[in-house]
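Participant: Dropping a prediction and its sequence here:
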Amino acid sequence: MINRLSDFVKAQSTSRPDHTAIVFKAEEVSYGEFARLNGIFGAALMSAGLSKNDRVAVFLPKQVETLVTVFGASEAGGVFVPVNPTLKARQVVYILKDCNVRYLVTSADRLAGLVEELQDCDDLEQVILVGKIPDSLPDVKASITSWDDFMSKGGEGDCTGHSVIDADMAAILYTSGSTGMPKGVIVSHRNLIVGAESVSTYLKNTPDDKVLSVLPLSFDAGFSQLTTAFRVGATVVLMNYLMPRDVIRQAAKHRVTGITCVPPLWIQLEEMEWPQETVDSIRYIATTGGRMPVPVTKSFRKKLPKTDIYLMYGLTEAFRSTYLPPSEVDRIPESMGKAIPNAEIMVVHEDGTLCAPGEPGELVHRGALVSLGYWNDPERTAERFRPAPGQPAGIPMPEIAVWSGDTVKTDEDGYLYFVGRRDEMIKTSGYRTSPTELEETIYASGLIGEIAAIGVDHEKLGQAIWIVATGKDGAKLDQEAVLAYCRAELPSYMVPHKIIEWPSLPRNPNGKIDRKAIAAEVTAKE
């Protein structure tokens with residue numbers, strides 16, 4: 001019986017122990033070996049005193065140790081926290097502190113970049129370093145050990161972890177929120193297991209598939225590449241994205257059969273030549289994290305005539321939500337499809353009543369994929385996680401659904417179409433980016449007076465990030481200095497694409513800076 005995420009790997013290690021689970025550069029790891037490593041890491045965590053639900057973070061690029069940390073923590077009954085490797089120290093340590101991470105797996109160079117911010121990270125007890133260990137280690141409160149030394153405590157890999165049922169926490173995935181720093185979405189083993197079963201079913205995954213892992217594992221769609229593959233015994237090819245051409249090269253080299261990317265990357269890939277061996281091997285491509293431009297979809301239909309195209313929509317709070325079957329892509333390529341298996345998607349008015357076809361309303365997702373809310377944040381959880389509409393009045397404990405904040409509509413056949421977002425989140429390069437977090441980070445530079453971050457429609461990025469700001473204390477705004485600060489303090493996808501100086505920023509009746517008014521005025525002028 002599959003109760004915890006790591007059971008997928010254990011099951012495959014029994015049925016096909018020699019089948020390749022992971023490919024990373026020249027390294028191949030079989031399901032049997034992967035399960036063994038997970039058991040060793042889980043046992044080492046237990047030896048180190050892991051309590052049930054302790055958070056285990058991994059701040060590394062995609063590599064074998066990253067996956068062993070995730071699935072080994074699951075084996076022991078811990079909660080894994082995959083930290084996006086592109087984040088800077090401020091964001092990383094915020095995550096570690098926010099969910100009280102006790103164990104951190106990273107590398108020596110990455111730890112060195114965190115030292116100053118880590119000083120008040122009181123819950124962190126153990127840092128496990130992957131790769132070469134320098135002669136002198138940073139001065140941090142937590143104990144530091146090497147990966148090899150830590151794994152040596154795991155014996156032969158017979159991990160007797162804490163008792164876990166599928167309703168228990170499995171992970172905390174951090175996603176940008178509209179009101180500041182990232183918020184941690186609590187994901188259960190059931191969310192991940194049912195999501196893998198659902199997605200692998202409609203993608204028709206089999207053990208013969210080779211899935212190219214392009215997206216970050218901290219991104220729910222990126223992590224879904226692992227769970228869908230491991231659920232059926234397929235092979236995952238890990239790559240740390242560099243340039244679009246690298247995606248095509250890896251696909252050709254490994255005879256990849258499935259690729260999922262965000263629209264900005266697909267737009268770049270569409271402009272490139274695809275070798276015939278790749279055209280012949282790719283069984284499906286999928287997109288998520290924003291709307292795929294119809295011309296790009298149509299171009300891929302010609303470039304990859306043997307390939308199924310899946311247009312998908314999801315939100316971290318419910319993992320995956322909708323997909324458009326390949327059979328409908330030519331007819332309605334602008335649609336985001338219908339609910340994935342074992343989920344119900346509703347379009348509702350503000351009072352919870354259902355919208356008629358063609359009538360815009362909020363997308364509400366109910367079912368086994370709805371997560372457990374936001375870590376240590378009951379207020380924001382209550383805003384987004386509310387009783388599902390249409391339940392019988394006699395149910396004393398109503399089912400909780402996730403209210404997405406996205407406005408959609410359906411056609412007469414029930415297919416969904418994205419209309420827009422209700423909040424001010426910026427969707428750029430497939431990432432949801434918080435304008436408040438941007439503003440707070442840039443304001444801390446001491447280089448500006450007032451600031452507003454806005455998203456402006458962009459053909460390739462979805463939205464570009466523009467910063468509208470005043471100079472400090474009436475001085476002229478030093479745009480180059482602000483941009484240099486952003487590059488040093490923000491991950492690349494959050495670095496502004498344009499900085500505009502204004503004499504003063506308008507406010508709404510509540511005295512807050514009015515982003516919507518600024519966006520309307522700025523875009524009208526530019």
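Facilitator: That came in fine, so what should we check first?

Participant: For the most centrally placed residue in the chain, give me its contacts.
Facilitator: Closest to where the C-alpha atoms of the chain average out (CA atoms, centre = their mean) is residue 219, at 1.1 Å. Applying CB atoms under 8 Å, 6 or more residues apart in numbering to residue 219 gives the contacts 84, 173, 289, 316, 430, 431. Backbone N, C-alpha and C define where each C-beta goes, glycine included.

Participant: so the first one sits in a helix?
Facilitator: No - with DSSP: H, G, I helix; E, B strand; the rest coil as the criterion, residue 84 is located in coil rather than a helix.

Participant: Not including adjacent chain positions, what is the nearest residue to residue 344?
Facilitator: Nearest residue to residue 344 in three dimensions, chain neighbours excluded: residue 366, at 5.0 Å (CB to CB, 6 or more residues apart in numbering).

Participant: so that neighbour is in which element?
Facilitator: Following DSSP states H and E, one finds residue 366 within strand 361-367.

Participant: what is the mean pLDDT for that strand?
Facilitator: Averaging pLDDT along strand 361-367 yields 97.

Participant: same question, stretch 500-518
Facilitator: 77.

Participant: Okay, now that stretch: how far is its last residue from its first?
Facilitator: Taking CA to CA, to the nearest Å, the span from the opening residue of stretch 500-518 to its closing residue is 11 Å.

Participant: Quick check: buried residues in that stretch?
Facilitator: Residues 500, 502, 505, 513, 514, 515, 518 are the ones in stretch 500-518 that count as buried (16 or more other CB atoms under 10 Å).

Participant: How about stretch 258-272?
Facilitator: Neighbour-count burial for stretch 258-272, with 16+ other CB under 10 Å as criterion, is recorded at 258-270.

Participant: For residue 309, list each beta-bridge partner.
Facilitator: Note on residue 309: beta-bridge partners by DSSP bridges are residue 285.

Participant: At which residues are the helices of the stretch 101-250 of the chain located?
Facilitator: For the stretch 101-250 of the chain, the helices defined by DSSP state H, counting those that start in this stretch occupy 108-118, 147-151, 189-202, 220-232, 244-254.

Participant: Give me the contacts around the shortest one.
Facilitator: In this structure, residues lying in contact with helix 147-151 by CB under 8 Å, 6+ apart are 37, 40, 41, 44, 48, 65, 105, 126, 128, 129, 130, 131.

Participant: Could you tell me which residues within that helix count as buried?
Facilitator: Within helix 147-151, the residues that qualify as buried are 147, 150, 151, counting by 16+ other CB under 10 Å.

Participant: Throw these into JSON lines and include distance to residue 375 and pLDDT, thanks.
Facilitator: Listed next are those as JSON lines, based on distance: CB to CB, whole Å; pLDDT from 0 to 100:
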{"residue": "147", "distance to residue 375": "27", "pLDDT": "98"}
{"residue": "150", "distance to residue 375": "26", "pLDDT": "98"}
{"residue": "151", "distance to residue 375": "28", "pLDDT": "98"}
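
Participant: now stretch 277-286: mean pLDDT?
Facilitator: On average, stretch 277-286 scores 96.

Participant: Distance from it to the middle of the chain?
Facilitator: From the chain centre to the centre of stretch 277-286 is a distance of 24 Å (CA atoms, centre = their mean, to the nearest Å).

Participant: and if you look at stretch 406-415?
Facilitator: How far stretch 406-415 lies from its chain's middle: 25 Å, per CA atoms, centre = their mean.

Participant: list the buried ones in it?
Facilitator: Across stretch 406-415, burial judged by 16+ other CB under 10 Å covers 406, 408, 409, 410, 415.
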